[in-house]
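> let's see this in three dimensions:
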Amino acid sequence: MTAPRLLDVVRERLALRRASPRTVEAYTDWVRRYVRFYGGRHPRQLGEAEMTAFLSHLATDRRVAASTQNQALAALWS
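Residues are numbered from 1 along each chain as shown. Purely as a prediction, here's the structure:
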């Protein structure tokens, strides 16, 4: 038996919290961006410093709003 895929786990957790389809879509997109930012590394291999660096990247390089940054953080904690 194979281990569940990362995004399937995220979707399952969000379903348990009865998240809306739009929230599921947004959160899985943030998880994808985070993984892509770190060259495909699994979030389990990354720590608080990497998450902080990603959120700083969003603010400084991507110039996202604070609410967008908060959504990314919430997605990565899900």
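
> nearest residue to the residue positioned nearest the centre of the chain in space, please, no chain neighbours.
Centroid-nearest residue in the chain: Val31, 2.8 Å away (criterion: CA atoms, centre = their mean). Computed as CB to CB, 6 or more residues apart in numbering, the closest residue to Val31 that is not its neighbour in sequence is Val10, at 5.6 Å. Every C-beta, even on glycine, is put in place using the N, C-alpha and C of the backbone.

> hey, where'd the strands end up in this structure?
With strands called from DSSP state E, the chain shows none.

> quick one: residues in contact with the lengthiest helix in it.
If you go by DSSP state H, the chain has its longest helix at helix 21-37. For helix 21-37, contacts defined as CB atoms under 8 Å, 6 or more residues apart in numbering pick out 6-7, 10-11, 14-15, 19, 41-43, 51, 54, 57, 71-72, 74-76, 78.

> now do 6 Å
For helix 21-37, the external contacting residues (CB atoms under 6 Å, 6 or more residues apart in numbering) are Leu7, Val10, Arg11, Leu14, Phe54, Ala72, Ala75, Leu76, Ser78.

> please name the residues that touch the first one.
Leu7 makes contact with Thr28, according to CB under 6 Å, 6+ apart.

> for it, give me the pLDDT.
With respect to pLDDT, Leu7 has a value of 93.

> what do you get for the third one?
Per-residue pLDDT puts Arg11 at 95.

> mind listing the helices for this structure?
6-16, 21-37, 48-60, 66-77.

> tell me what angle the first one forms with helix 66-77.
The one in question is helix 6-16. Between helix 6-16 and helix 66-77, the angle comes out at 100 degrees (axes from the mean of the first three to the mean of the last three CA atoms, to 10 degrees).

> how far does helix 6-16 sit from its chain's centre?
Relative to its chain's centre, helix 6-16 lies at 12 Å (CA atoms, centre = their mean, to the nearest Å).

> in that helix, which residues are buried?
Buried residues in helix 6-16, counted by 16 or more other CB atoms under 10 Å: Val10, Arg11, Leu14.

> could you report the pLDDT at the closest residue to the second one other than its chain neighbours?
Yep, that's Arg11 we're talking about. The spatially closest residue to Arg11, leaving aside those adjacent along the chain, is Val24, at 5.8 Å (CB to CB, 6+ apart). Note for Val24: predicted pLDDT of 97.

> perfect, that will be all.
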